[in-house]
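>>> Can you look at this prediction? I've put the sequence above it.
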Amino acid sequence: MSQQLLVSIGGERFEAVLEDQVAPKSCEWLLRQLPYRSKLIHVRWSGEACWVPMGDLQVEVPPEEATRHPRPGQLILYPGGISETELLLAYGAVAFASKAGPLAGNPLLTVAGDLDRLAEIGRAILWEGAREFLVEAA
């Protein structure tokens with residue numbers, strides 16, 4: 001059974017499941033970062049998602065079931081390359097891209113429920129701005 005994690009966005013908490021069966025090296029990287037704290041902002045190009053820009057940080061993981069179209073509730077890792085390293089959290093329809101073109105990211109975790117509330121938070125970030133973002137062990 002995959003590990004349970006907690007995702008907090010602006011104090012709102014969600015249970016999540018680690019995608020270690022799909023992307024083991026990427027998930028190992030995430031687990032080494034816990035508790036992971038940052039700011040979550042709305043995407044520019046990709047649709048209904050929020051992201052954590054990580055700049056020039058290079059995460060040395062191979063593509064692992066990399067997707068351009070994460071499901072709502074799925075957090076993916078783009079480990080750097082043609083665009084900056086980033087985490088992307090989908091709350092609706094997504095076609096992952098940057099100003100450099102289409103991107104694909106490795107699945108890290110999936111929010112286990114309450115996707116309607118996640119979508120409300122995503123839309124609030126679009127209109128109201130960044131929120132605190134935390135991923136930690138359950």
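Good, I have the coordinates. Numbering: from 1, shown residues only.
>>> C-alpha from now on. contacts and neighbour counts both.
OK.
>>> ranges for the strands of the chain?
Using DSSP state E, the strands of the chain run over 4-9, 12-18, 36-42, 47-53, 74-78, 86-94, 97-98, 101-102, 106-111, 131-137.
>>> ok, the residue nearest the centre of the chain to His69 distance?
In the chain, the C-alpha nearest the mean C-alpha coordinate belongs to Leu75, at 2.9 Å (C-alpha atoms, centre = their mean). Distance of Leu75 to His69, computed by C-alpha to C-alpha, to the nearest Å: 11 Å.
>>> Tell me where the model's unsure across the protein.
The chain contains residues with pLDDT under 70 at 1.
>>> Kindly recompute the last result at 90.
1-2, 58 (pLDDT under 90).
>>> any idea which helix is longest in it?
Taking DSSP state H as the criterion, the chain has its longest helix at helix 115-128.
>>> still on that earlier bit, save the strands of the chain as CSV, and put in distance to Glu60 too.
What follows is the strands of the chain, written out as CSV (distance: least, C-alpha to C-alpha, whole Å):
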stretch, distance to Glu60
strand 4-9, 22
strand 12-18, 19
strand 36-42, 18
strand 47-53, 17
strand 74-78, 11
strand 86-94, 13
strand 97-98, 20
strand 101-102, 20
strand 106-111, 12
strand 131-137, 20
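>>> For Ala119, which of those is the nearest?
Closest to Ala119 of those is strand 86-94 (C-alpha to C-alpha; 5.0 Å).
>>> angle of the closest one against strand 47-53?
Put simply, strand 86-94 runs at 170 degrees to strand 47-53, going by axes from the mean of the first three to the mean of the last three C-alpha atoms, to 10 degrees.
>>> Now strand 86-94: buried residues?
The neighbour-count check on strand 86-94 (16 or more other C-alpha atoms under 10 Å) flags Glu86, Leu87, Leu88, Leu89, Ala90, Tyr91, Gly92, Val94 as buried.
>>> Within the sheet, what are the partner strands of that strand, with directions?
Applying DSSP bridges to the sheet, strand 86-94 is found paired with strand 47-53 (antiparallel), strand 74-78 (antiparallel).
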